[in-house]
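Enquirer: Starting from these lines, generate the structure:
(chains A and B)
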Amino acid sequence: MKYLCLVYHEEGTLEALSKSEYDALVDEALAYKDELERGGRGISAHALQPVETAITLRVRNGNVSMTDGPFVETKEQLGGYYLIEATDLNDAIRLASKIPSSRLGGIEVRPVQELRPE
Amino acid sequence: MTRTQIDGAEPIAEEAMQKARAMVDSVYRSESRRVFATLIRLLGDFDTAEEAMQDAFAAAAEQWPQDGAPANPRAWLVSTGRFKAIDGMRRRARFDASLARLAEQIEEDTRATALTWEEEGVEDDRLRLIFICCHPALSPDARAALTLREVCGLTTEEIARAFLTSPTTVAQRIVRAKSKIRDAKIPYQSPEPADLPGRLDTVLHVIYLVFNEGYSASSGDSLTRADLSSEAIRLARLVRELLPEPEVLGLLALMLLHESRRAARASSDGDLILLEEQDRTLWDRDCIAEGAALVEQALRTRRFGSYTLQAAISAVHAEALSAAETDWAQIVGLYDVLARLEPSPVIRLNRAVAVAMRDGPEAGLALIDAILAQGELSDYYLAHSARAELCRRSGRIAEARASYERSLELTLQEPERRFLERRLANLSR
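Expert: Got it, this is the predicted structure:
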């Protein structure tokens, strides 16, 4: 079963890291992504650019309307994601608990809904 | 090599690879829980063991189709899992220096055990796993969830469906239970002989809870969730294999005897059918034979307890070809022993019903009224429905109606509500 692990943190926390701390975090995140992929459990993982680059759009009556910023303004922002293959929710929690950013912010674990299950 | 040889060789290689892949799947189904149990002992932690096991199976899926399956797949998986775990810790030591020492220590500590790896040890590991999952320091809900996941291999989502709760609730229960085991440093050991009776009791209690969840849901409109019951029976068979104590036989017998009536205890509409009104030709004779033999075996040890006695009572019912032929005197006798062993108002209530069957409804009513007067069962719907039934049989229709109504107020389960409503409606005829 697929689970999406959404990494939330306050962008300020990341900005407050020193260069070496930040580099170490990136190294660790990339190493964990590799480890997940090697074990056949990582499907895709990416960090996102800061939330000010976000645009939220809606289509109503054929017209696209857009607003700057994320869908919902919250204290913590979506900073990246890991799409993983896990045996069950507890397996997904175990894998998500090793995402390095879980120590900075929080990880939301969501089972993927297959719209047309094979 | 000539062209024909290559053509001839390829389908064979393809077939061998398919066979190896199918073998990985079937080994996963039959061995993954054993491999996991041993890896916990070697690596000292649930999560590390789970990861190591998954890595070992991933390696098997890659290597077996190419190199052929090993002679002893289980041993291969355990040593591969151990190696992968140590290797993984060394890799992560770059970010967490303490892992390097841990990896070294595990490698040191387990070198001997991993090499002198024996069949016997594996079964001990499974028993250790059962005892730790049913540890008294954990809450009863957590024990059941952890046992079903770690020992039986059910997924969190399956457990949630069976217990009519959400996967997030079950997941948190399991995470908390594992933290508790880790923080309290609960050792991965079977109990000392002196603690065995108490600890075994907890294990049996978890198994019976799982069975009852499957046999009669505590709420909702599904009367039986057969998967949980068969999981409980499978678990009891496993414990019996590892630790053939009389009460283990007794519990297995009790569950088999209940299970034998599954097809007869509800109508096609899901309505409840009382034991005395069940079509006994629908009872599963193989289940009954196995259950009755286990009861005999447990009784012969003279070290039996309440599960064995309940099973013995169930066996007396099972052996009667019709409700009228039930040996009520023997059942009352068994309840007498049971009530001495475990003085509980529910057992006294059941005994009262048996007395009514042996001596007539008035005798039973007097006993039930005495139990209700003590107040302990005044909110127990079965006490009121039993009273209603005996009132009806002795022609006290108004009293019967009042008791059925009280019972109806107290029950949550849909099939039981419908049953009581039918009983009430029949009174008016």
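Enquirer: what sits opposite the residue nearest to the spatial centre of chain A in the beta ladder?
Expert: The centroid of chain A falls nearest to A:Tyr81 when counting by Cα atoms, centre = their mean (2.0 Å). Here A:Tyr81 shows beta-bridge partners A:Leu6, A:His46, assigned using DSSP bridges.
Enquirer: quick one: contacts for it?
Expert: A:Leu4, A:Cys5, A:Leu6, A:Val7, A:Ser44, A:Ala45, A:His46, A:Leu48 (Cβ atoms under 8 Å, 6 or more residues apart in numbering or on different chains). (Glycine included, C-beta is placed from N, CA and C.)
Enquirer: quick one: which of those has the most company?
Expert: A:Val7 (26 neighbours; other Cβ atoms under 10 Å in any protein chain shown).
Enquirer: I figured it hits A:Gly105, correct?
Expert: Yes. With contact defined as Cβ atoms under 8 Å, A:Val7 reaches A:Gly105; the gap is 6.6 Å.
Enquirer: Report the set of residues contacting both of the two.
Expert: Here A:Val7 and A:Gly105 have A:Gly79 as joint contacts, going by Cβ under 8 Å, 6+ apart.
Enquirer: Tell me the spacing between B:Arg261 and B:Leu275.
Expert: Separation of B:Arg261 from B:Leu275 (Cβ to Cβ, to the nearest Å): 7 Å.
Enquirer: Neighbour count: the two, which is higher?
Expert: Set B:Arg261 next to B:Leu275 and count neighbours by other Cβ under 10 Å: B:Arg261 wins out with 22 against 14.
Enquirer: count of residues packed around the residue nearest to the more buried one when sequence neighbours are not counted?
Expert: The spatially closest residue to B:Arg261, leaving aside those adjacent along the chain, is B:Trp283, at 5.6 Å (Cβ to Cβ, 6 or more residues apart in numbering or on different chains). A count of neighbours around B:Trp283, defined by other Cβ under 10 Å, yields 18.
Enquirer: got the contact list for B:Trp283?
Expert: Applying Cβ under 8 Å, 6+ apart, the residues contacting B:Trp283 are B:Ser260, B:Arg261, B:Ala263, B:Ala264, B:Ala318.
Enquirer: per-residue confidence at it?
Expert: Listed pLDDT for B:Trp283 reads 95.
Enquirer: Can you classify B:Gln229 by secondary structure?
Expert: Let me fix one detail, which is that residue B:229 is Ser and not Gln. With DSSP: H, G, I helix; E, B strand; the rest coil as the basis, B:Ser229 sits in helix.
Enquirer: so what's the backbone phi/psi at the closest residue to it other than its chain neighbours?
Expert: Once flanking residues are discounted, B:Ser229 sits nearest to B:Gly214: 3.4 Å by Cβ to Cβ, 6+ apart. Note on B:Gly214: backbone dihedrals following degrees, to the nearest 10 are phi -80, psi -30.
Enquirer: Count the residues that sit near B:Gly214.
Expert: So B:Gly214, with other Cβ under 10 Å, has 23 neighbours.
Enquirer: confidence score at it?
Expert: For B:Gly214, the pLDDT comes out at 77.
Enquirer: before we move on, what about B:Arg429?
Expert: Value listed for B:Arg429 in the pLDDT field: 65.
Enquirer: At the contact with chain B, which residues of chain A appear?
Expert: A:1, A:24, A:27-28, A:31, A:35, A:39-41, A:87-91, A:93-94, A:100, A:111 (Cβ under 8 Å from any Cβ of the partner chain).
Enquirer: returning to what we had before: now for the contacts of B:Trp283: which two are most distant?
Expert: B:Ala263 and B:Ala318 (13.7 Å; Cβ to Cβ).
Enquirer: between those two, which one's more packed in?
Expert: B:Ala318 (23 against 13).
Enquirer: helix or strand for that one, which one?
Expert: Assigned by DSSP states H and E, B:Ala318 falls within helix B:306-319.
Enquirer: Okay, domains of chain B per the record?
Expert: B:1-117, B:343-429 (automatic domain parsing).
Enquirer: So which of those domains is nearest chain A?
Expert: Proximity to chain A (Cβ to the nearest Cβ) singles out domain B:1-117 among those, at 4.8 Å.
Enquirer: What ranges does the chain have for its strands?
Expert: I went with chain A, as the question did not name one. Under the criterion DSSP state E, strands of chain A are mapped to A:2-9, A:42-47, A:55-60, A:63-68, A:77-85, A:106-111.
Enquirer: Please refer instead to chain B.
Expert: Under DSSP E, chain B gives no strands.
Enquirer: if I pick the residue in chain A that chain B sits nearest to, what's in contact with it?
Expert: Distances between chain A and chain B by Cβ to the nearest Cβ are smallest at A:Asp88, namely 3.5 Å. Under the criterion of Cβ under 8 Å, 6+ apart, the contact list for A:Asp88 reads A:Met1, B:Arg149, B:Thr155, B:Thr156, B:Glu157, B:Glu158.
Enquirer: now do 7 Å
Expert: The contact partners of A:Asp88, by Cβ atoms under 7 Å, 6 or more residues apart in numbering or on different chains, come to A:Met1, B:Thr155, B:Thr156, B:Glu157.
Enquirer: Would you check that B:Leu410 makes contact with B:Asp379?
Expert: Yes. The criterion here is Cβ atoms under 7 Å, and B:Leu410 meets it with B:Asp379 at 6.0 Å.
Enquirer: Report the rounded mean pLDDT for the helix holding B:Ala318.
Expert: 96.
Enquirer: Return the set of buried residues in the helix ranked longest in chain A.
Expert: In chain A, taking DSSP state H as the definition, the longest helix is helix A:19-38. Within helix A:19-38, the residues that count as buried by 16 or more other Cβ atoms under 10 Å in any protein chain shown are A:Leu25, A:Glu28, A:Ala29, A:Tyr32, A:Lys33, A:Glu35, A:Leu36.
Enquirer: can you pull the pLDDT of the fourth one?
Expert: I take that to be A:Tyr32. pLDDT, A:Tyr32: 94.
Enquirer: got the contact list for it?
Expert: A:Lys98, A:Ile99, A:Pro100.
Enquirer: Looking at B:Leu410 and B:Asp379, which has the bigger crowd around it?
Expert: Ranked by neighbour count (other Cβ under 10 Å), B:Leu410 and B:Asp379 place B:Leu410 first, with 16 against 11.
Enquirer: residues contacting the more buried one?
Expert: Residues B:Asp379, B:Tyr381, B:His384 are the ones in contact with B:Leu410 under the rule Cβ under 7 Å, 6+ apart.
Enquirer: Contact partners for the second one?
Expert: Contacts for B:Tyr381 were tallied using Cβ under 7 Å, 6+ apart; they are B:Ser407, B:Leu410, B:Thr411.
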